[in-house]
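Compute the structure for the input listed below.
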Amino acid sequence: IGPALTISGGGTINFNTGGSKFQFTSITMAGTMGGSDTVNLAGNMTITSGVFSGAGPFNILLGSVMDINFSGITVHKIINNAGTINWSVGTISGNGVINNNNNFNIATTAGFSINPLVNNNGTLNKTTNSPTQMIGCNNSGTFNVNSGTLQIVPTSGTFTHSGIFNVASGTTLTLGQVSG
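Presented below is the predicted three-dimensional model:
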C-alpha cells in the first residue's frame, strides 16, 4: 500500500493482517475504515463522511491534521489524537473513544453533537456561535469556549473534570446530566 489512501463512494477497507501497522501521509475518506490493525496518519486527512470501526486504533500523529466536514463521521474504535482535529460540519456519532492529546477545534456552523466519549488531555477549542453538545467527556486538559454554547451533558455514567475551563464573555458552558 502506498502513502496515500482514498476511500470513496461508500467503499470499505479493513486492515486485518494480525498485528501490522499501516501509515499514510494522505487520506481522503468517504466510506468505512475498519479492522484490527493499527493505522497511523502522518500527514493530512479529509473526511466528508465515513465510519471508523474495528479493534485497531487510529492514530493521528504529531503534526498531522484530520479535517471533518460535510456529513460527519461515526466512530466505533479508538482514535488517538497527537496532532489536530478540525471539526467544521456534521455530527460525530458512535460508541468509540476519542483521546485528544493535542488540539481539537470545534468550528461547526450548526447545532451538532459528538457522541463518542472524549478524553481531553490537550486543548479543545470551541470557536463558532452555534451550540455543540458532547454526550460524554473526561477533561484533564483545557477547554476554551471562545464563542457560542458548549454543553457537556451525558445521558449516563460518571465523568471527571480536573482540567481548566476558559469561558469567554457572552458564551455558555453547560455541565450536567440529562435523563435518558
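
all contacts plus neighbour counts: C-alpha atoms, from now on.
Noted.

Find the residue at the geometric middle of this structure.
residue 98 (5.4 Å; Cα atoms, centre = their mean).

so what's it bridging to?
Assessed by DSSP bridges, residue 98 has beta-bridge partners residue 79, residue 118.

I'd like the distance between it and residue 21.
With distances taken as Cα to Cα, to the nearest Å, residue 98 is found 19 Å from residue 21.

cool, and residue 6?
18 Å.

again, but for residue 50
For residue 50 relative to residue 21 (Cα to Cα), the value is 21 Å.

neighbour-wise, which of those two wins?
residue 50 (23 against 15; other Cα atoms under 10 Å).

Just grab the bridge partners of that one for me.
residue 31, residue 73.

And for residue 24?
Residues in beta-bridge contact with residue 24 (DSSP bridges): residue 41.

shouldn't it be in contact with residue 43?
Yes - proximity of residue 24 to residue 43 meets the contact threshold set by Cα atoms under 8 Å, at 7.1 Å.

If you count surrounding residues, which of those two has more?
residue 43 (20 against 17).

shouldn't the more buried one be in contact with residue 25?
Yes - using Cα under 8 Å, residue 43 is in contact with residue 25, at 4.2 Å.

pLDDT value on residue 179, please?
With respect to pLDDT, residue 179 scores 57.

what stretches of the chain score poorly on pLDDT?
Counting by pLDDT under 70, the chain shows low-confidence ranges at 178-180.

Distance check, the residue nearest to the centre of the chain against residue 37.
Plainly put, residue 98 is 17 Å away from residue 37 if you go by Cα to Cα.

likewise residue 21?
6 Å.

what does residue 145 give?
35 Å.

More neighbours: these two, which one.
residue 145 (23 against 20).

The more buried one contacts residue 128, correct?
No - applying Cα under 8 Å as the test, residue 145 and residue 128 come out as separate, 9.1 Å apart.

for residue 148, what are its contacts?
Residue 148 makes contact with 126, 127, 128, 129, 130, 131, 170, 171, 172, according to Cα atoms under 8 Å, 6 or more residues apart in numbering.
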